[in-house]
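Colleague: Requesting a structural model of the entry that follows:
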Amino acid sequence: MRKLALAGFWLILMLRAALAGDPQGEWLDEHGLARIKVADCNGHIWGAIAWEKEPGGVDDHNPDVAKRSRPTLGVPILLDMKPAQGTADKWEGNIYNPENGKTYSAHIQLTTPTKLEVKGCVLKYLCGGETWTRYVEPAPAPGTMAPKAAPAKQPAPAGAKAAAKGGVAVAPANPNAEFCAAVQAAK
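Modeller: Numbering: from 1, shown residues only. I've put the predicted structure just below:
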C-alpha cells in the first residue's frame with residue numbers, strides 16, 4: 001500500500017511538471033475579435049494586439065492624447081507581467097484595455113496548455129476577466145498546399161564567426177528582442 005501511495009505521489013509530481021506551461025505565442029480573445037502575441041521579455045511577460053477581426057481600430061480612448069490616433073494593431077495590452085510567487089503558471093502585472101483606455105492591475109494564468117485565464121481588477125476586489133485560447137494556424141485544405149519555397153539563407157548567429165576563428169562564442173540574441181523593444185516603447 002505504501003508503494004502505491006508513493007507511486008501516486010511521484011505520478012502527480014511528474015504530471016504537474018508536464019503541465020507547467022509557457023504562455024508565449026498567440027492567443028485568441030474570448031470573443032474572437034483579436035489575437036494577442038505574448039512573449040517573454042527578460043523574464044517578464046508582455047503582450048500586444050497582433051491581429052484584429054475588424055482591422056483599422058484606433059486607440060481613441062487612450063489617456064495620453066498623443067496616442068489617441070495610433071492603430072490598435074500593435075498596442076501593448078499585457079504589461080510587465082512578473083511570475084507570481086507560490087503559483088505555477090501565473091504572472092502578475094497590468095493590463096491595458098483599449099476599449100476604455102484604462103489600465104488595470106491584472107494576472108494571467110495558464111489553466112491548460114491551450115487556455116489562458118486573464119483577469120483585471122480595480123481596487124483588488126472588483127475583478128473581471130475572460131479565457132483566451134491558444135491560436136494555432138489552421139492547416140491548409142487537402143490539395144491546396146503550395147510548393148514550399150527554398151528557405152532563405154539565414155545570417156550566421158552572433159559570435160559564430162568568432163567561434164569559427166577560435167574566439168569566444170556569444171549566446172544568440174533574444175528572439176523576442178525586437179518585439180520586446182517595440183511593446184515597451186509603445187506602452
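Colleague: Going along the chain, name the strands of the chain.
Modeller: Here the chain has its strands, by DSSP state E, at 25-28, 34-41, 44-52, 76-83, 90-97, 102-112, 115-122, 126-134.
Colleague: what's the pLDDT at the residue most central in space within the chain?
Modeller: The centroid of the chain falls nearest to Val38 when counting by CA atoms, centre = their mean (1.5 Å). In this model, Val38 is scored at 97, pLDDT.
Colleague: State the distance from it to Pro71.
Modeller: As judged by CB to CB, to the nearest Å, Val38 and Pro71 stand 19 Å apart. For glycine as for every other residue, the C-beta is placed from the backbone atoms N, C-alpha and C.
Colleague: Quick check: mean pLDDT of stretch 88-95?
Modeller: Rounded mean pLDDT across stretch 88-95 is 95.
Colleague: With stretch 41-57 instead?
Modeller: Average pLDDT, stretch 41-57: 96.
Colleague: Endpoint to endpoint, that stretch covers what distance?
Modeller: End-to-end distance of stretch 41-57 (CA to CA, to the nearest Å): 26 Å.
Colleague: How about residues contacting it?
Modeller: Stretch 41-57 is contacted from outside by 23-24, 26-27, 32-39, 71-83, 91, 93, 98, 108, 174, 176, 179-180, 182-184, 186, using CB atoms under 8 Å, 6 or more residues apart in numbering.
Colleague: Ala186 versus the residue nearest to Arg70 when sequence neighbours are not counted, what's the distance?
Modeller: Spatially, and ignoring its direct neighbours in sequence, Arg70 is nearest to Asp59 (5.0 Å; CB to CB, 6 or more residues apart in numbering). With distances taken as CB to CB, Asp59 is found 10 Å from Ala186.
Colleague: ditto for Gly101
Modeller: Applying CB to CB, the value for Gly101 to Ala186 is 14 Å.
Colleague: Would you quantify the distance from the closest residue to Ser105 other than its chain neighbours to Glu92?
Modeller: Leaving aside its chain neighbours, Ser105 sits nearest to Cys121 (5.1 Å; criterion: CB to CB, 6+ apart). According to CB to CB, Cys121 and Glu92 sit 10 Å apart.
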